[in-house]
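[1] Got a predicted structure here, sequence first:
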Amino acid sequence: MDVVVRTRKRILLVEDDADLARLYRSVLRMAGFEALHVTDGWSALRAIDDDRPDLIVLDIHLPGLRGDELLYELSQRPETRQIPAIVVTGSDIHLAVAQAKQILRKPCDPERLVAAVERYVEAAA
């Protein structure tokens, strides 16, 4: 049996805005990351169960399972509680998102997003 070794860090982008998702995914890929994209919290849970990412970038206001609910669910599981998450939201940030490593305000400068991802992926390694 061959063992596949992943060299690029895998980022799961959870964003329901198609334009922002394309932009963020593109800059993350240009920065050397493998960027996977889903549009809602339930799809994110399935993607995480299928192949755990190195970091999650997500919006709070998602269809179905909201971003803060997703983070809470992940924090309750021993196998996922250590995955770092960066929240990118346009909302007033009065939500208790203790599981997030950083909260970035939309519209978020793509370079700022990449810098945050790099910082927390390296810290988690």
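    Looks like it came in fine.
[2] which secondary structure elements does the helix or strand encompassing Arg46 contact?
    Using DSSP states H and E, Arg46 sits in helix 41-50. Contacts defined by 3 or more CB pairs under 8 Å, 6 or more residues apart in numbering; DSSP states H and E place helix 41-50 against strand 10-14, strand 34-38, strand 55-58, helix 67-75. For the C-beta atoms, the positions are set from N, CA and C on the backbone; glycine is no exception.
[3] and the next element down the chain from the first one?
    Yep, that's strand 10-14 we're talking about. Next element after strand 10-14 (DSSP H and E): helix 18-30.
[4] what are the C-alpha coordinates of that following helix, in PDB please?
    The C-alpha atoms that make up helix 18-30 are tabulated as PDB, following Å, rounded to 0.1, in the frame of the first residue of the first chain:
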ATOM      1  CA  ALA A  18     -19.400  33.000  -4.100                       C
ATOM      2  CA  ASP A  19     -17.400  36.100  -5.000                       C
ATOM      3  CA  LEU A  20     -15.600  36.200  -1.700                       C
ATOM      4  CA  ALA A  21     -15.000  32.400  -1.800                       C
ATOM      5  CA  ARG A  22     -13.400  32.700  -5.300                       C
ATOM      6  CA  LEU A  23     -11.200  35.500  -4.100                       C
ATOM      7  CA  TYR A  24     -10.100  33.900  -0.800                       C
ATOM      8  CA  ARG A  25      -9.600  30.500  -2.400                       C
ATOM      9  CA  SER A  26      -7.400  32.000  -5.200                       C
ATOM     10  CA  VAL A  27      -5.200  34.000  -2.800                       C
ATOM     11  CA  LEU A  28      -4.800  31.000  -0.500                       C
ATOM     12  CA  ARG A  29      -3.800  28.800  -3.500                       C
ATOM     13  CA  MET A  30      -1.300  31.500  -4.800                       C
END
